[in-house]
Structure formats: structure tokens, C-alpha cells
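A.B. asks: what would the 3D arrangement of this be:
(chains A and B)
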Amino acid sequence: MIIKTENNKAWWLVLPVFLLVAFSAVIPLMTVVNYSVQDIFDQNNAYFVGVEWYREVLRDPRLHDSLLRQFIYSFSVLAIEIPLGIGVALMMPTQGRMGSLCLILLAIPLLIPWNVVGTIWQIFGRADIGLFGWALNAMGIDYNYASNTADAWATVLLMDVWHWTSLVALLCYSGLRAIPEAFYQAAEIDRASKWAVFRYIQLPRLKSVLVIGILLRFMDSFMIYTEPFVLTGGGPGNSTTFLSQTLTKMAIGQFDLGPAAAFSLIYFLIVLLVSWLFFTTITYMDKAK
Amino acid sequence: MNMTKRKTFGITLYILFLLVPIYWLVNMSFKTNEEILGSLSLWPSNFTFDNYMVIFTDSTWYSGYINSIIYVSMNVVITLLVALPAAYAFSRYRFVGDKHLFFWLLTNRMAPPAVFLLPFFQLYSSVGLFDTHIAVALAHCLFNVPLAVWILEGFMSGVPREIDETAYIDGYSFPRFFGRIFLPMIRSGIGVTAFFAFMFSWVELLLARTLTSVEAKPIAAIMTRTVGATGVDWGVLAAAGVLTILPGLLVIWFVRNHVAKGFALGRV
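C.D. replies: All right, here's what the predicted structure looks like:
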């Protein structure tokens, strides 16, 4: 840990970032706040309506439904990807050419544009031209992600696991590499079981990267838009329409600026709140030990 | 021995799971549409480059790749230029509001792009930047800059302070020290950061599509063109998809040693 010196001139170094982020985050955010409290008919006719839009949006069943779906989705994603990611990291070869090759292969899904991820699974899952859909149907499972809700959910989840488990795995891999060899030697002398090594040496050491992994996966899955949009278009019905898509429909599709802005702010606050809750719980648990 | 075998088996299985959908896309990109729709084959029977030729000969197609690469490169450069000094400040000094500023930066990483869609559109239109590469590059800074500052700060904290002090005693000015001594010391960190900035800018579609219409339209948005009156042109769609994977592969190939080193430091 580096001892930092007090120096307010350091602000000059931070200034470019500050200005850039102010331009690309603060101004747009203030615009959203502005919209959310006004009823705008045209350029010269805007009326202050206070919290009216918020009240309307909070009562909107579309928001309730997609919020519920969003939470189910994000928690399923976390429940599958975090254990799987740890498992993959544990199985990876630790050094040499095979190690680097695994790193590169694992990183491939992360570097594919999100709409192409959707396209890949759209093709892969189709019963007529896709290997996956064709194989399932050949095995006698009536699988069609475009018309069956359960199939659509399964495909969207599988796609997310395919797409993002690598990130968790890579993070855990870097955490595992940071454990000194002496720890394992000590465990061997104590004749610790594989499970004990995992539970009392590896897992505690993985905690900091897991916090990053869980936070990133929560935030990103909570904002997911492109992949399900390409794959299922939010259907069948509205069954895979998540928050971002509901919002985009409202803002761009119907141009309901007021409600969409209020929706945006509530959405942002939920992400912040859950991330904050998670973060403080972890740090609190740390202190309690 | 048994354990190692099981591990190898497990990781091979997982990598197969990752590669099979991609294999299917590549396989399809070399087929004619008749073959794609006609029967299921594991290997193209009439091996054809036609789908790729469609993309390489039509400027409305390949300009999409050029546009994407232009704004992604711009974004990586801007991100590094502003994030490097800021990360240095965060790793070396305490100053008024430093913790708040750091946290506020990170909250921008948590902002759903859908929230910023409309205001971005209006902001960039009003300053005359709509449909330019720089608009997309700036918009992507929203999530890339906080991440870059975060990663770089970690790498910089790993460099002992004594190095800075020795350099100043030796008469180095700050810019000279920063460029000549400090940056080479954290080049792995810069490689990893550039990799992440490239990755998140390359894969993003929602903002890039909203902020452009003709001149700077990204390839991801152009791909929707394959859906025509006669149905989807699956072969060309697959070929376009394969071509979007290649730049990512190139980048990871070039930074693989830096990334491996970054992982070894436990700092990614």
C-alpha cells in the first residue's frame, strides 16, 4: 500500500477526466431530470408537473412486469455464471502454452459484438438451419425459442452463460494465480482435502475478484438490451422483454419523454442501490470478522 | 494424475461449448443460401466465398467496418489520454474530494446506456456532432473512462513511490518522468486497459447505432440490412458476423503477453 501525500494540485491531473465525464454524463443526466418533471408539448410549451410522471410510471404494470423479469434474469445469470466461472478457472492449466491458449479461447466470446452474439444464437437455435435447435428436435424435444416461453428463456440464459462466464472465469483465474505456492505446500503437509483447500485457501483469496465479478455481471445483466433483442425481439409476447427494452420502446418508439425520463432515473437508482447494498454488505461482513 | 485428466476433460468440454456456436457461424458463411436452407450439413458441400465477396465489393458494407474501427480507435486513444494522468493522481495523491470523485466515476459504469440514449442524441445533435465518429467515441467514454481509471490505478499502485522521488531528485520534470520512466514501467497495464477499452467499445451497439445515421454507421447496425423482402440472407449475415469476430481475435493476439502478465499480477 502506497502512502499518499496531500496535494490539491493533483486536481489538474484529474481535470480532463472530470470535464469529459461531465460532458458525457452530467449534461445528459440533467436533461433526463429536466424531462422527468415536465410535460413537454413542443419547444415553447412545457409545463412543470412535479412528480406526476414518477407516480404514473411506478403504477405502470409494464414496469412491474419487466422489473420482475429483470431481477429473475439477473439472479439466474449470477447463480449459474459465478459457480461455473470458478469451476472453469480451477480447471484451467496453470502455465505454459496451454495456459495462454485457454486464456485466448476463453476471451473470444467477450470480443464479439453483442448483436452478433444474438445472431449466432438466433441461427444456432433455429430448428431448420441451426445445429442446436435441430439436434434438440432430433432428440424428440419440441424446442422452439420463437414460440415457447420456456424455450426462449432457456436460450436467452444459455446465451448469456456462453457470452459472459468467461469474464468470471478470467477474473477468478487471475485471483488464483496470485495465491503463493507456500499456501498449497502448507495444506499438503496438513493433509488437507481438495475441498478444504478450496474452502479455506482458494475461496477466501478469490473474494476481491469475485466482488468485482459479481458487481460487473449484475450491472451488465441488469442493463442487457442487444442480445435478447436480436434473439427473441422480447418475445414470445413480452416474456423476454427486459428493462432496457421496455425503456427504449417508451422513449424512442412512443416518444413519451416524461414517463421515459422518470423511468430512466428509477432504473439508474435501482442499479446504484443494489450495487451499493451488495458492496456495503461485503465490506461489513469483512469488518465483522 | 486422475485429477489432472478430469480437469483437462472439463476444460476441453467447456471450450467446445464456447466454440461450437462459432463453428456453426463460420460453417454457414461458406455455404450458399440454398444449402443453408436445404439441408443440415456439418461441412459446406459447395464451398463458396460469395458471401464474403458481397461484403468486400459493396462500399455500404465494408464502410461499416471502417467506421467501427475509426471510432473504436479514437475511443481507445481518448480514454488512455485522459485516464493516465487521472489514475496517476488517484494512486499517488490525496486531494479534496478524491474518494467522492472516484466513486462518482464508477457510478457512470453502472448507468444503463438506454437511459442516456435520448439525451445523448439531443446533446450531440445540438453541438453538431451527430453522425460523426467522434460522437460515438465520446459517448463510449462514458463507460470506458471509469473502467480505465480503475484498472490503471491498480497497476500504478504497484509501482513503488520511491521511483517517482528518485526521478525528481535526478532532475526529471514531471512530463519527462511520466513519459520516459513511468509509462514504460506500467506498459502491461496500458496494454490491458487498451484491450478492455477496445473490447467494450467494439461490442457496444445501442449508443453507436443511435448516434449515427449514414456517415459513421457501425457494422453492427448495417448487419440488419440482410433482412430483406425475400427473407433473411443467412449466408451474408453469417459472413458479416465472422468478420466482426476477427478484429477482436487480432487484438487479443497482440496483447496476449500483456494480459497474461496483468493476470499474473492479479490485477485485471
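A.B. asks: only C-alpha atoms for contact and neighbour calcs from this point on.
C.D. replies: Fine.
A.B. asks: next, work out how far apart the residue of the stretch 101-250 of chain A found nearest chain B and A:Gly85 are.
C.D. replies: Of all residues in the stretch 101-250 of chain A, the one sitting closest to chain B is A:Pro113 (3.6 Å; CA to the nearest CA). Remark: distance between A:Pro113 and A:Gly85 (CA to CA, to the nearest Å) = 21 Å.
A.B. asks: whichever residue of chain B sits closest to chain A: neighbouring residues, count only.
C.D. replies: In chain B, the residue found nearest to chain A is B:Val203; the distance is 3.6 Å by CA to the nearest CA. Neighbour count for B:Val203, taken as other CA atoms under 10 Å in any protein chain shown: 23.
A.B. asks: swap in the one 4 residues further on?
C.D. replies: B:Leu207 is surrounded by 20 other residues when neighbours are defined as other CA under 10 Å.
A.B. asks: could you give the average pLDDT over the strand or helix carrying A:Leu273?
C.D. replies: Assigned by DSSP states H and E, A:Leu273 belongs to helix A:257-288. Averaged across helix A:257-288, the pLDDT comes to 82.
A.B. asks: picking up where we left off before, the residue of the stretch 101-250 of chain A closest to chain B and B:Leu206 touch, don't they?
C.D. replies: No: between A:Pro113 and B:Leu206 there is no contact under CA atoms under 8 Å: 10.9 Å.
A.B. asks: looking at those two, which one has more neighbours?
C.D. replies: Regarding A:Pro113 and B:Leu206, a neighbour count based on other CA under 10 Å identifies A:Pro113 as having more, with 25 against 18.
A.B. asks: residues in contact with that one?
C.D. replies: Each residue near A:Pro113 by CA atoms under 8 Å, 6 or more residues apart in numbering or on different chains is listed here: B:Trp202, B:Val203, B:Glu204, B:Leu205, B:Ala220, B:Thr244, B:Ile245.
A.B. asks: and B:Leu206, by the same measure?
C.D. replies: Listed by CA under 8 Å, 6+ apart, the contact set of B:Leu206 reads A:Tyr225, A:Thr226, B:Pro113, B:Ala114, B:Leu117.
A.B. asks: neighbours of the second one, how many?
C.D. replies: Think A:Thr226. By the criterion of other CA under 10 Å, A:Thr226 has 20 neighbours.
A.B. asks: for the stretch 151-268 of chain B, which segments are assigned as helices?
C.D. replies: B:161-169, B:174-176, B:183-185, B:187-203, B:206-210, B:219-222, B:234-264 (DSSP state H, counting those that start in this stretch).
A.B. asks: count the residues that sit near A:Thr155.
C.D. replies: By other CA under 10 Å, the residues close to A:Thr155 number 21.
A.B. asks: for B:Tyr62, same thing?
C.D. replies: Neighbours around B:Tyr62, by other CA under 10 Å: 17.
A.B. asks: just the strands from the chain, written as ranges.
C.D. replies: Answering for chain A, as no chain was given. For chain A, the strands defined by DSSP state E cover A:5-6, A:38-42, A:45-48.
A.B. asks: not quite, go with chain B.
C.D. replies: According to DSSP E, the strands that chain B contains are B:93-94, B:227-228, B:231-232.
A.B. asks: rank those by pLDDT, which is bottom?
C.D. replies: When these are compared by mean pLDDT, strand B:227-228 comes last with a mean of 64.
A.B. asks: was I right about A:Ser244 contacting A:Tyr225?
C.D. replies: Yes: applying CA under 8 Å as the test, A:Ser244 and A:Tyr225 come out as touching, 5.6 Å apart.
A.B. asks: quick one, what contacts residue 10?
C.D. replies: This is for chain A. Counting by CA under 8 Å, 6+ apart, A:Ala10 makes contact with B:Ala89, B:Tyr93, B:Arg94, B:Phe95.
A.B. asks: that's the other chain; I wanted chain B
C.D. replies: Per CA under 8 Å, 6+ apart, neighbours of B:Gly10: A:Val88, A:Met91.
A.B. asks: list the buried residues in stretch B:245-258.
C.D. replies: Buried residues in stretch B:245-258, counted by 16 or more other CA atoms under 10 Å in any protein chain shown: B:Ile245, B:Pro247, B:Gly248, B:Leu249, B:Ile252, B:Val255, B:Arg256, B:His258.
A.B. asks: who's in contact with stretch B:116-133?
C.D. replies: So stretch B:116-133 is contacted by A:24, A:28-29, A:31-32, A:251-252, B:67, B:70-71, B:135, B:139, B:206-207, B:210-217 (CA under 8 Å, 6+ apart).
A.B. asks: for ChimeraX, write a command that selects the buried ones of the residues you listed.
C.D. replies: For the buried members of these, the matching ChimeraX selection, counting by 16+ other CA under 10 Å, is:
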select /A:24,28,29,31,32,251 /B:67,70,71,135,139,206,207,210,211,212,216,217
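A.B. asks: could you see whether chain B lies near the helix holding A:Leu273?
C.D. replies: Yes: contact of helix A:257-288 with chain B (CA under 8 Å from any CA of the partner chain) involves A:Ala261, A:Ser264, A:Leu265, A:Tyr267, A:Phe268, A:Val271, A:Leu272.
A.B. asks: which parts of that helix are buried?
C.D. replies: For helix A:257-288, a neighbour-count test (16+ other CA under 10 Å) marks A:257-268, A:271-272, A:275 as buried.
A.B. asks: relative to B:Leu105, which of the contacts of A:Pro113 is nearest.
C.D. replies: Using CA to CA, B:Glu204 is the member of those that lies nearest B:Leu105, at 19.5 Å.
A.B. asks: hmm, A:Val116 and the closest one touching each other?
C.D. replies: No: look at B:Glu204 against A:Val116 with CA under 8 Å: they stay out of range, at 10.6 Å.
A.B. asks: hang on, the earlier thing: name the helices or strands packed onto the helix holding A:Leu273?
C.D. replies: For helix A:257-288, the elements it packs on are helix A:27-36, strand A:38-42, helix A:52-59, helix A:203-222, helix A:243-248, helix B:113-126, judged by 3 or more CA pairs under 8 Å, 6 or more residues apart in numbering or on different chains; DSSP states H and E.
A.B. asks: lowest average pLDDT across the ones you listed?
C.D. replies: Averaged per stretch, pLDDT over those is lowest on strand A:38-42, reaching a mean of 71.
A.B. asks: hang on, the earlier thing: quick one: which of B:Glu204 and A:Val116 has more around it?
C.D. replies: Applying other CA under 10 Å to B:Glu204 and A:Val116 shows that A:Val116 carries more neighbours, namely 25 against 19.
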